[in-house]
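J.: Build me a model from this:
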Amino acid sequence: MVIGFEYFWLKPEDPQSTPIVSEFFLDRSLLLFIMLIGNVISSAFVDYVILTQSSSLNYYKYCLLNQTIWTQFAEIMFLFGSPVLLSPYLAGFPSGFLRNIGTPIVTAIFTEVFLFFYLNSLLGVFLTLMNRFIAVFHSELEKWFHSKVSIVTIAIVHILIDGFFLHCIIRAIILNTLSDIDTGKALEPWFREKGLINFPEYGGYTRTALFFVFCFVGILFFVLVGTIIWFICKVFIGRKTSKILNKHSTSLLLSALVQAGCCIIFSYIPMLFILYCWSFAPKNSANASNIALAFFSVYGTVDMLCTLYFVKPYRQYCWFLVDKYFILRWKGSQVTVTTST
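T.: Reported below is the predicted structural model:
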């Protein structure tokens, strides 16, 4: 059998039912508000720690700050919009603070901004890993890695990828003319959502493109996993033979590896599952897609916690604050109570 565009085409006459989404994903404004406030406060604290406690990290602090800020922005945007996917169709809408005021154009803009932050956060993970690898094992390449040419090249690649997403989202704004053609009557119950947006099928071209994106992300996933395994082996072998791998450099490398692992668990695996649903249109996959999407809502928080714990200067500063404002005050109150009795 020759697999062509029609293989990835979910036709209106195909037996597909209306996507059913759990109420949990539709009405969680209070939870999202609490998480959003907590995320903003913790983001400000983590950024302050990175800016003030990184004197011994040299250029690595800029890689950490770059990765952390983009991840924070992506999570804040996600919590603000709280998107809901209507898999197996290429449709969705915001269920958060934009639900009652959104339009397809607002949803498209929100999606584009979130993807911009999200792609930058993924790029930040690779740059952090690359920085640690070069600093520990190939210090002679640091000048090349920090050069203006490298930075401009990375920026151009990102702009091209972001432009592709922007083009796709602008085309998706034609919801009102193509929803009935592509989905039959399956999405009619969801037309009440003001911010509903639907990506046209284009006879299978859209899902075919998503399939290639799925393959590309899958390759990146295995490259990242392989890189982490290779780094771990290098560290265990290098600790016995290399003079460069002291406790400080090992701590920073461990931090990069843990953050990359969090990226795999909370970002790459959910993204691969969602791309699989968009490519092959499995039936009754709406709730499963939204469960996978929910992992994005905690990725930024987990990344910040890993940064504070595994980077030694940040961990020491946090313990200092705990000791100063909690333990000492608790001991002082105990002394006061004992004296008074």
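J.: The protein: helices as residue ranges?
T.: For the chain, applying DSSP state H gives helices covering 23-26, 29-52, 60-81, 104-137, 142-145, 148-172, 175-183, 205-241, 247-263, 269-280, 286-294, 296-310, 312-322, 328-340.
J.: Just name the most buried of the ones you listed.
T.: helix 60-81 (a mean of 22; mean count of other C-beta atoms under 10 Å). Heads up, the C-betas are built off the backbone N, CA and C, glycines and all.
J.: State the mean pLDDT of that one.
T.: For helix 60-81, the mean pLDDT works out to 86.
J.: now that helix and helix 286-294, what's the angle there?
T.: 140 degrees (axes from the mean of the first three to the mean of the last three C-alpha atoms, to 10 degrees).
J.: quick revisit: any chance of the helices of the chain in a markdown table, plus distance to residue 95?
T.: Shown next, in a markdown table, are these (distance: least, C-beta to C-beta, whole Å):
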| stretch | distance to residue 95 |
| --- | --- |
| helix 23-26 | 5 |
| helix 29-52 | 8 |
| helix 60-81 | 8 |
| helix 104-137 | 11 |
| helix 142-145 | 42 |
| helix 148-172 | 18 |
| helix 175-183 | 17 |
| helix 205-241 | 23 |
| helix 247-263 | 25 |
| helix 269-280 | 16 |
| helix 286-294 | 9 |
| helix 296-310 | 12 |
| helix 312-322 | 34 |
| helix 328-340 | 42 |
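J.: For residue 91, find the nearest of the ones you listed.
T.: Nearest to residue 91 among the helices of the chain is helix 175-183; the distance by C-beta to C-beta comes to 7.4 Å.
J.: could you give the mean pLDDT of the closest one?
T.: Here helix 175-183 scores 48 as its mean pLDDT.
J.: and the closest residue to residue 49 other than its chain neighbours, how far is that from residue 44?
T.: Spatial nearest neighbour of residue 49, chain neighbours left out: residue 314 (5.2 Å); criterion: C-beta to C-beta, 6 or more residues apart in numbering. Noted for residue 314: a distance of 15 Å to residue 44, by C-beta to C-beta, to the nearest Å.
J.: which residues sit in contact with residue 124?
T.: With contact set as C-beta atoms under 8 Å, 6 or more residues apart in numbering, residue 124 has these partners: 63, 66-68, 70-71.
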